[in-house]
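> Got a predicted structure plus its sequence, pasted below:
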Amino acid sequence: MSLLVTGIGELVTNAGSPEAARAGDAPEGGASAGVERAAYRGDPVTRLGLVPDAALVVDDGRVAWIGPAAAAPAADRAIDLGGRAVLPGFVDSHSHVVYAGDRVAEFTARMTGQRYDGGGIATTMAATRAASDEELRGLLAARITEFRAQGTSVVEIKSGYGLTVADEARALRLAAEVTSETTFLGAHVVPPEARGDRAAYVDLVTGPMLAACAPYARWIDVFCEPASPYAFTGEEARTVLTAGMGAGLLPRVHGNQLGHGPGVQVAVEVGAASVDHCTFLADADVAALADAAGTTVATLLPGVEFSTRSPYPDARRLLDAGVVVALATDCNPGTCNSSSMPLMVALAVREMGMSPAEAVWSATAGGAAALRRSDVGRLVVGAAADLCVLDAPTHAHLAYRPGVPLARLLDVSEHSSAR
């Protein structure tokens, strides 16, 4: 059954123009498109492809028609949104939500001056290893519900809190029940029991652990952060990523979070889809990301800086250099226990030099580019009908009214729930 959605005060298509949205170019699968199809170019507001007083038709879970409400065709069902704004569902391209326990004590300590160095991951690791499958499945389901209640339609989920062969494979198997964007992160940190022989742990990650996890994963990731004694060096990161790519996984990188390091350069070198954090960047890192704008996205995670009292990334510097930028939550128990993409938009505008239009694009089309997808993050004919409705007349209210629950996904029954 088709659904006509009308009464849209402002429709964000991310198509660059209303005409492009109506023409549509989202492929059926949508998961193989390169970053160049969503590159961050031109005037930010123009790039949003805003359609005022708009309507669209959904059929079989996809956008079938877009245009002015006055020209809308008939459909089997109809809903009037009363002048509310609609944008693509948020695409959260970085999260760690298969875990048990919490680290509120660590957060409280940080708020009184303790510095984050990555060591707290071991606390979550112990709780996650001890949890049953059913406990983890229930916790994960509740978190996905929380994402969707705030307008997020696509969530990437990493492993990384088990750090044994069996526990990493279990995390990815559970994650694959709720998303197609699963990431093997056995190289999150070196677990306590392996710190006497780092090389042996890298061998485990690139051997038996990779073999067990690859069937459940699309991506491989590594925490490349020499500033942390628990994370991985540039050479270790190359070893991990090369092995993952050899097993058919696509690369992404945690890099340059705690200090200057090789993460960005490694990511660009291996053709990673995204390098995430990008807090401490040398001029050469920015230049490398600009040169790789058709391949590698810089994913910024402002909730981490908010939750750790660390310096925010300089998004303005990246955008002005021509780097493609995404926003994501990094929802995790240690450094950002928030699933709110609207909060990330507000922080990006307030703290990182982005305009509301740039932040909204980065939280939708930018996240899709970081996952190399063109079927989400945009509302064009043929794309997934992931509709985020705002209790507000324009997209700018996401930054203008921080902390207010404005965003929700429209319940379109034809949707697939695992994107």
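Received it, and whenever you're ready, just let me know what you need.
> Show the model's pLDDT score for the nearest residue to Gly353 once chain neighbours are set aside.
In space, and not counting its chain neighbours, Gly353 is closest to Arg316: 3.2 Å by C-beta to C-beta, 6 or more residues apart in numbering. Yep, even glycine has a C-beta here, placed from its N, CA and C like the rest. Turning to Arg316, the model gives it a pLDDT of 97.
> and if you look at Ala399?
As predicted, Ala399 sits at a pLDDT of 98.
> please begin residue numbering at 645 from this point
Sure thing, new numbering starts at 645, so read that last one as Ala1043.
> Now for it, how many residues are close by?
Ala1043 has 20 neighbours, counted by other C-beta atoms under 10 Å.
> can you map out the strands along the stretch 645-794 of the chain?
For the stretch 645-794 of the chain, the strands defined by DSSP state E, counting those that start in this stretch cover 647-655, 695-703, 706-712, 721-732, 734-736.
> ok, back up a step: and the strand or helix carrying the residue nearest to Gly997, what does it pack onto?
Arg960 is part of helix 959-964, with elements assigned from DSSP states H and E. For helix 959-964, the elements it packs on are helix 927-935, strand 941-944, strand 969-971, judged by 3 or more C-beta pairs under 8 Å, 6 or more residues apart in numbering; DSSP states H and E.
> on that earlier part again, same list (the strands of the stretch 645-794 of the chain) but as TSV, adding distance to Leu1053, mean pLDDT and mean neighbour count.
TSV is the format used below for the strands of the stretch 645-794 of the chain (distance: least, C-beta to C-beta, whole Å; pLDDT from 0 to 100; neighbours: other C-beta atoms under 10 Å):
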stretch	distance to Leu1053	mean pLDDT	mean neighbour count
strand 647-655	12	98	22
strand 695-703	13	97	22
strand 706-712	15	97	20
strand 721-732	11	98	19
strand 734-736	9	98	32
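> winner for burial among the helices and strands packed on helix 959-964?
Greatest average neighbour count among the helices and strands packed on helix 959-964 goes to strand 941-944 (a mean of 32), per mean count of other C-beta atoms under 10 Å.
> List the strands paired with that one, with their directions.
According to DSSP bridges, strand 941-944 forms sheet pairs with strand 918-921 (parallel), strand 969-971 (parallel).
> on that earlier part again, mean pLDDT for the helices and strands packed on helix 959-964 - can I get that in CSV?
CSV is the format used below for the helices and strands packed on helix 959-964 (pLDDT from 0 to 100):
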stretch, mean pLDDT
helix 927-935, 98
strand 941-944, 98
strand 969-971, 98
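> Met998 versus the residue nearest to Gly997, what's the distance?
Arg960 is 7 Å from Met998, where distance means C-beta to C-beta, to the nearest Å.
> Same drill for these two, tell me which one is more crowded.
Neighbours per residue, other C-beta under 10 Å: of Arg960 and Met998, the larger number sits with Met998, 27 against 14.
> got a list of what that one touches?
Contacts for Met998 (C-beta atoms under 8 Å, 6 or more residues apart in numbering) come out as Ala959, Arg960, Leu963, Val969, Ala992, Ser1006.
> wait, the second one sits on Met996?
Yes. Taking C-beta atoms under 8 Å as the contact criterion, Arg960 and Met996 are neighbours in contact, 7.1 Å apart.
> ok, the closest residue in space to Leu829 that isn't next to it in sequence to Ala875 distance?
Closest residue to Leu829 apart from its sequence neighbours, by C-beta to C-beta, 6+ apart: Gly804 at 3.5 Å. Gly804 is 11 Å from Ala875, where distance means C-beta to C-beta.
> The two: which has the busier surroundings?
Between Gly804 and Ala875, Gly804 has the larger neighbour count (other C-beta under 10 Å), namely 29 against 26.
> and the more buried one, how far is that from Tyr874?
According to C-beta to C-beta, Gly804 and Tyr874 sit 12 Å apart.
> Can you pull out the low-pLDDT segments for the stretch 745-894 of the chain?
760-763 (pLDDT under 70).
> quick one on the thing from earlier: assumed the residue nearest to Leu829 was part of a strand.
No. Counting by DSSP: H, G, I helix; E, B strand; the rest coil, Gly804 falls outside a strand, being coil.
> Which neighbouring elements make contact with the helix or strand where Glu880 lies?
For Glu880, the host element (DSSP H and E) is helix 878-890. The elements that helix 878-890 packs onto, with contact taken as 3+ C-beta pairs under 8 Å, 6+ apart, are strand 826-831, helix 842-848, strand 863-868, strand 894-895, helix 907-914.
> would you list the ones you listed in a markdown table and tack on distance to Ala659?
Listed next are the helices and strands packed on helix 878-890 as a markdown table, based on distance: least, C-beta to C-beta, whole Å:
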| stretch | distance to Ala659 |
| --- | --- |
| strand 826-831 | 28 |
| helix 842-848 | 44 |
| strand 863-868 | 26 |
| strand 894-895 | 25 |
| helix 907-914 | 28 |
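> quick one: which of the ones you listed is nearest Gly668?
The closest of the helices and strands packed on helix 878-890 to Gly668 is strand 894-895. By C-beta to C-beta, the value is 25.5 Å.
> Many thanks, I have nothing further to ask.
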